[in-house]
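[1] predicted model and sequence follow; I will ask about them next.
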Amino acid sequence: MRILFVTASLPYPPASGGAIRTLGIIHGLHQAGHELTLLSFSDGRTKPEETPLAQYCHHIETVSPPMRSKSQRLKTLLFTNQPDIATRFYSLEFEQKLRDILTTQTFDLVQFEAIEIASYLPIVKELQSSAKIVFDTFNAEYELQRRIFEIDRQNIKRLPMALYSYLQVGRIKKFEGDMCRLADLVIAVSDEDANLLNKFREKNDVAVVPSGVFVDDYITVDKPIELPENTLVFTGTMDYRPNVDAMLWFTEFIFPKVQKSIPEAHLYIVGNKPHARLAYLNDIENIDLTGWVDSTVPYLHASTIYVAPLRMGSGTRLKLLEAMSSKCAIIATTIASDGLLEVVKSGMTIVDSPEDMAQSIIDLLQEKSKRQELGESAFELIKQHYDWSALIPRLLDAYKGIGLG
């Protein structure tokens, strides 16, 4: 097949969940013998021709991402019925590039990666109606915003953001529904998300293709690092609201309880773009915000425990897949583990209250053999269920369901 991928950012380096998922899919489809073209926004810091994407894709086009000011976003909020996420990546230059590609090349399938880029989906219907359209959702976004609203409304300082999320939920639900109905195939990353998105499909035919990892890439570390004993690690893009909330909640209500029993306990928050709300953590002893790192894998291997205290979110938590592939002992909330197979959840400790999470961390820090047991179990489960070698066949089966492949 000839496939066009449309993405909100260049899926390399694989430093975010979206990039990891898209890169895995592109690699798998290339391995399966399909011809791929990629259209992405890119800030120019990464040259596609110098990445593995050049090996996987027949042709790559990039456009500089649009710059939307807070005032422009506020105008959208106040004077339109559009969700912020539908206009965030609108660019006349990107639209023209897509039109040029569609009028000069013929594709069997055009796949849009995530809701942020879905606003361009109608252009395919207009210019190349014979191509099948795939909407790969990443999250059930309206449900994600609802969960964010429920958390933010509990904090008086977050009421303005809670109001923002409240206004967005309905708008996102309508937009997400329109895009799901327009696509020939909708892909969710979990059964939970598929159930939410099936509301928009008459045939309840949303396919489930979980996000995955190349497990073998996590077995060894090229440049190992040393971290202090009793080190907890969290990874993620640190301007993403669910990750920011997780670390604010963890450092206020959980980590102090851990330190009371184990004073030398250390927390590393590993990820780029730390939000300003996290800046004060730099002044707290035994807490480190790393900012951008070339790879999270050395930190995963050097950690004592990986923590995932998420209180909001949806989809598959790629951070957990990476941690399990690195044989980490993991303590996570129910929300963090949502979207994973029940059998895979057995490879981690799942607790929700601050008291229970703190005590679980303290206990596990003191039980090396238990940590090793959890890490080994997690690795075997991930390799069996979430390696891309097991997931790409599911994607190809989904394509066959719409007459392709």
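    That came in fine, so what should we check first? Numbering: from 1, shown residues only.
[2] what residues are up against residue 386?
    For residue 386, the contact set (CB atoms under 8 Å, 6 or more residues apart in numbering) comprises 210-213, 215, 321, 344. Glycine gets a C-beta too; all of them are placed from N, C-alpha and C.
[3] how many residues are close by the residue nearest to residue 227 when sequence neighbours are not counted?
    The shortest distance from residue 227 to any non-neighbouring residue, by CB to CB, 6 or more residues apart in numbering, is to residue 302 (4.2 Å). Here the number of neighbours of residue 302 (other CB atoms under 10 Å) works out to 17.
[4] can you give the distance of stretch 290-302 from its chain's centre?
    Averaging C-alpha positions (CA atoms, centre = their mean, to the nearest Å) puts stretch 290-302 17 Å from its chain's average.
[5] actually, stretch 106-120.
    17 Å.
[6] next one: stretch 143-153
    Distance, stretch centre to chain centre, for stretch 143-153: 17 Å (CA atoms, centre = their mean).
[7] just the CA coordinates for it, please, in CSV.
    Output of stretch 143-153 as CSV, limited to C-alpha atoms (Å, rounded to 0.1, in the frame of the first residue of the first chain):
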residue,chain,number,x,y,z
GLU,A,143,-12.9,12.1,28.6
LEU,A,144,-9.3,13.3,29.3
GLN,A,145,-10.5,16.9,29.6
ARG,A,146,-13.4,15.8,31.9
ARG,A,147,-11.0,14.1,34.2
ILE,A,148,-8.7,17.2,34.2
PHE,A,149,-11.7,19.3,35.1
GLU,A,150,-12.7,17.0,38.0
ILE,A,151,-9.2,17.3,39.5
ASP,A,152,-8.6,21.0,39.0
ARG,A,153,-12.0,22.0,40.4
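[8] tell me the mean pLDDT for that stretch?
    For stretch 143-153, mean pLDDT rounds to 91.
[9] do stretch 91-99 as well
    pLDDT averaged over stretch 91-99 gives 97.
[10] do stretch 272-288 as well
    Over the span of stretch 272-288, the pLDDT mean works out to 94.
[11] just give me how far that stretch sits from the chain centre.
    What separates the centre of stretch 272-288 from the centre of its chain is 22 Å, taken as CA atoms, centre = their mean.
[12] buried set for it?
    For stretch 272-288, burial by neighbour count (16 or more other CB atoms under 10 Å) applies to 274-275, 277-278, 281, 286-288.
[13] residues contacting the residue nearest to residue 227?
    Residue 302 sits next to 224-227, 231, 233 when contact means CB under 8 Å, 6+ apart.
[14] tell me the confidence at it?
    For residue 302, pLDDT reads 97.
[15] any idea how far residue 370 is from it?
    For residue 302, the distance to residue 370 equals 19 Å [CB to CB, to the nearest Å].
[16] cool, and residue 259?
    21 Å.
[17] which one's more surrounded, the two?
    Ranked by neighbour count (other CB under 10 Å), residue 259 and residue 370 place residue 259 first, with 20 against 13.
[18] separation between the closest residue to the more buried one other than its chain neighbours and residue 217?
    In this structure, residue 259 finds its nearest non-sequential neighbour in residue 265, 5.3 Å apart by CB to CB, 6+ apart. Applying CB to CB, the value for residue 265 to residue 217 is 29 Å.
[19] show me which of the two is the more surrounded one.
    Neighbours were counted for residue 265 and for residue 217 using other CB under 10 Å; residue 265 has more, 22 against 13.
[20] shouldn't that one be in contact with residue 286?
    Yes - under the criterion of CB atoms under 8 Å, residue 265 makes contact with residue 286 at 6.6 Å.
[21] any chance of the contacts of residue 386 in JSON lines, plus distance to residue 146?
    Below are the contacts of residue 386 laid out as JSON lines (distance: CB to CB, whole Å):
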{"residue": "210", "distance to residue 146": "22"}
{"residue": "211", "distance to residue 146": "21"}
{"residue": "212", "distance to residue 146": "27"}
{"residue": "213", "distance to residue 146": "28"}
{"residue": "215", "distance to residue 146": "33"}
{"residue": "321", "distance to residue 146": "25"}
{"residue": "344", "distance to residue 146": "25"}
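[22] which member of those is positioned nearest residue 355?
    Residue 355 lies nearest to residue 344 out of the contacts of residue 386, by CB to CB, at 25.8 Å.
[23] quick one, phi psi at that closest one?
    Note on residue 344: its backbone torsions stand at phi -70, psi -30 [degrees, to the nearest 10].
[24] ok, it to residue 395 distance?
    Applying CB to CB, the value for residue 344 to residue 395 is 19 Å.
[25] per-domain residue ranges of this structure.
    Residue ranges for the domains of the chain, per automatic domain parsing: 2-212+388-400, 215-385.
[26] pretty sure residue 352 contacts residue 337?
    No - taking contacts as CB under 8 Å, residue 352 lies outside contact range of residue 337: 10.3 Å.
[27] which one of those two has more residues nearby?
    residue 337 (20 against 14).
[28] now do the contacts for residue 2.
    Counting by CB under 8 Å, 6+ apart, residue 2 touches 34-35, 37, 105-109.
[29] now a ChimeraX select for only the buried ones of those.
    The buried subset of these, as determined by 16+ other CB under 10 Å, is captured in ChimeraX by this line:
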select :34,37,107,108,109
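[30] and the contacts of residue 2, which of them are in strands?
    Judged by DSSP state E, strands contain the following of the contacts of residue 2: 35, 37, 109.
[31] in this protein, what spans have low per-residue confidence?
    Scanning the chain for pLDDT under 70 picks out the ranges 314-316.
[32] so which residues of it form strands?
    Counting by DSSP E, the strands of the chain are 2-7, 35-41, 59-63, 109-113, 132-136, 185-188, 207-208, 231-235, 266-270, 287-291, 305-308, 330-332, 349-350.
[33] pull the CA atoms of the fifth one into PDB?
    This means strand 132-136. Output of strand 132-136 as PDB, limited to C-alpha atoms (Å, rounded to 0.1, in the frame of the first residue of the first chain):
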ATOM      1  CA  LYS A 132      -9.200   5.400   3.100                       C
ATOM      2  CA  ILE A 133      -8.900   7.700   6.100                       C
ATOM      3  CA  VAL A 134      -7.600   6.400   9.400                       C
ATOM      4  CA  PHE A 135      -7.900   8.500  12.600                       C
ATOM      5  CA  ASP A 136      -5.400   7.200  15.200                       C
END
